[in-house]
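Student: Predicted model and sequence follow; I will ask about them next.
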Amino acid sequence: MTMMAVVVMTVMAVVMVMSMALIVIMVVVMTVVVMIVIVGGHAHSAPGTGKSGFNSSPPAPPAPAGRRLRAARGRSMRDPMSPDPQPLDPVALAQALIRRPSVTPADAGALDVLQQALESIGFTCRRLPFGEIDNLYARRGTSGPNLCFAGHTDVVPVGDAAAWSRGPFDGDVAEGVLFGRGAVDMKGAIAAFVAAAAAAPANQGSLSLLITGDEEGVAEDGTGKMVELLRAEGERIDHCVLGEPTSSATLGDQLKIGRRGSLNAWITVDGVQGHVAYPRQAANPIPPLIRLLDRLQAHVLDEGYPRFPASNLEVTTIDVGNPATNVIPAQARARLNIRFNPAHDGAGLIDWLKAECAAEDAAFYGKVSLTTKLTGNAFITEPGPFVEVCAGAVEDVLGRRPELSTTGGISDARFIRTLCPVVELGLVNATMHAVDECVPLEHIHSLTAVYGRLIERYFAAFKA
């Protein structure tokens, strides 16, 4: 082979190698460009957010009734094992929640807003729908102890919307005050706890939230059913703080450690209708009803119970519905409510009412019947280490020692107390359920600080 041939072959080999290298470089460049376009497209097509920073897209369709538990979709933005806290604005979250008109039984996307906030700080969320009600259980951490915050995103109707100075679902802030249905009861408290959880280290025990959409209504598909389900699954919750607006005059002046029980009763007396001029041909149901109610009202249930006032029975309505002046009616009805302390339980009170009705029935020609509904039994979380953690947190942040109280109506604590010790601590209740329901921004931030201090004290007092 001549020298010239060798040179030509060498040059051709070099050219081929350089061509292959150029092709590889072009392929790499094209791949990078495609990836940039794809990523950029996804970024522009992501759901929008409102001013609050929380998802403002329309709420997803409600889950089918009776659906099984489902794990929340999507990955959390924060490593759940990371000890580094992340800030979260409680006012912005409260506004986002208020802007979802979640009047019972509607959710209107309120739980979606909450779930988005919780997942962003490392919580795993599960939606627990029962009937037409959606509920949520969220947890961050797998070890004990598990401190739970409970609450509800449903709200009562606004009444006359024209009477409000601002839109009841606008979430407006004016002169340092947040207005809107649910600001006090209890979306403000939910936002405060989420913000406190965001600022808390994630490497100590577990934090959880038990949030229902059925507290202001009949409360049949909410907290009670979630508690039953979690118990059946073996989920352990060690202690719970319910964020109901328990403060009376000033923030943190009361800590609810118990509630009275509530029993409703309907009494129906069926007689025989007739002419008032011929009473022997009729059986007037009104006199036996009056005698029975008088006897029930005169009975002293008790003189009180430690930390509880005396139990009381109140007649709430008496109905005959007789427009005529010369007719003895065929039926008379009454409804009553008993608020009772731990000296009684619902079953014992129902037995007493049955005995009294039976005695009147035996003395009357007609019929006396009774229907009852026990809303909840009385309970108390006795003062001890957990109550001290909560009361101490209030004192540390606000400089006042809360009164340990059992006053007020019933709450979802009646369900939770069957699972673990529970107390109630929340905002001032002066405007709850009222026109222009509102809360000072200072109270939301202060409650966030109280909850944060409560979390800190809790994991110092209760260790795995």
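Tutor: Okay, I see it. Quantities reported herein were computed from a predicted structural model and do not represent experimental measurements.

Student: least trustworthy helix or strand in the protein by mean pLDDT?
Tutor: Between all helices and strands in the chain, the lowest mean by mean pLDDT, DSSP states H and E belongs to strand 70-71, at a mean of 36.

Student: Surely D89 touches A195?
Tutor: Yes: under the contact definition of Cβ atoms under 8 Å, D89 touches A195, with a separation of 7.0 Å. To be clear about C-beta, it is placed using only N, CA and C from the backbone, and glycine gets the same treatment.

Student: Neighbour count for those two, which is higher?
Tutor: Of the pair D89 and A195, A195 is the one with more neighbours under other Cβ atoms under 10 Å, namely 27 against 19.

Student: How many neighbouring residues does P201 have?
Tutor: Applying other Cβ under 10 Å, we find 13 other residues in the vicinity of P201.

Student: What distance do you get for V368 to V218?
Tutor: V368 sits 27 Å away from V218, taking Cβ to Cβ, to the nearest Å as the criterion.

Student: Between those two, tell me which one has more neighbours.
Tutor: Regarding V368 and V218, a neighbour count based on other Cβ under 10 Å identifies V368 as having more, with 22 against 11.

Student: mind listing what the more buried one touches?
Tutor: 267-270, 288, 292, 357-358, 360-361 (Cβ atoms under 8 Å, 6 or more residues apart in numbering).

Student: Going by neighbour count, which of these comes out on top?
Tutor: Neighbours were tallied for each of the contacts of V368 (criterion: other Cβ under 10 Å), and the maximum of 28 neighbours falls on V269.

Student: Okay, and which of the contacts of V368 map to helices?
Tutor: Counting by DSSP state H, those place 288, 292, 357-358, 360-361 in helices.

Student: Between all of these, which two are at the greatest distance?
Tutor: In the ones in helices among the contacts of V368, the most distant members under the criterion Cβ to Cβ are P288 and A358, with 12.2 Å between them.

Student: And the chain, split by domain according to the record?
Tutor: 70-259+379-461, 261-376 (automatic domain parsing).

Student: Which of those domains has the highest mean neighbour count?
Tutor: Each of these was assessed for mean neighbour count using mean count of other Cβ atoms under 10 Å. The highest is domain 70-259+379-461, with a mean of 20.

Student: quick one: that domain to chain centroid distance?
Tutor: 6 Å (Cα atoms, centre = their mean, to the nearest Å).

Student: re the thing from before, can you tell me which of the contacts of V368 lies closest to A430?
Tutor: Of all the contacts of V368, I267 has the smallest distance to A430: 36.0 Å, by Cβ to Cβ.

Student: show me where the stretch 51-200 of the chain has strands.
Tutor: 70-71, 124-127, 136-140, 146-152, 173-174, 177-179 (DSSP state E, counting those that start in this stretch).

Student: right, and those - which one's nearest V300?
Tutor: The closest of the strands of the stretch 51-200 of the chain to V300 is strand 146-152. By Cβ to Cβ, the value is 35.2 Å.

Student: Show residues contacting the closest one.
Tutor: Counting by Cβ under 8 Å, 6+ apart, residues outside strand 146-152 touching it are 139, 186, 189-190, 193, 197, 205-216, 222-223, 236-244, 412-413, 416, 420, 422, 451, 455, 458-459, 462.

Student: So which of those residues sit within strands?
Tutor: The members of the contacts of strand 146-152 that map onto strands under DSSP state E are 139, 206-212, 239-242, 422.

Student: Would you mind putting these into CSV with distance to G159 and pLDDT alongside?
Tutor: Below are the ones in strands among the contacts of strand 146-152 laid out as CSV (distance: Cβ to Cβ, whole Å; pLDDT from 0 to 100):
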residue, distance to G159, pLDDT
R139, 37, 98
S206, 40, 97
L207, 36, 98
S208, 34, 98
L209, 29, 98
L210, 29, 98
I211, 25, 98
T212, 23, 98
H239, 36, 98
C240, 31, 98
V241, 30, 98
L242, 25, 98
V422, 31, 98
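
Student: Kindly provide the distance from C125 to F415.
Tutor: For C125, the distance to F415 under the criterion Cβ to Cβ works out to 20 Å.

Student: Spatially nearest residue to L118 (excluding sequence neighbours)?
Tutor: Of all residues beyond its chain neighbours, the one nearest L118 is A138 (4.8 Å), with distances taken as Cβ to Cβ, 6 or more residues apart in numbering.

Student: Quickly list what the one you found is bridged to.
Tutor: For A138, the beta-bridge partners are C125, L209 (DSSP bridges).

Student: contacting residues for it?
Tutor: In this structure, A138 makes contact with 115, 118, 123-126, 208-209, 211, judged by Cβ under 8 Å, 6+ apart.
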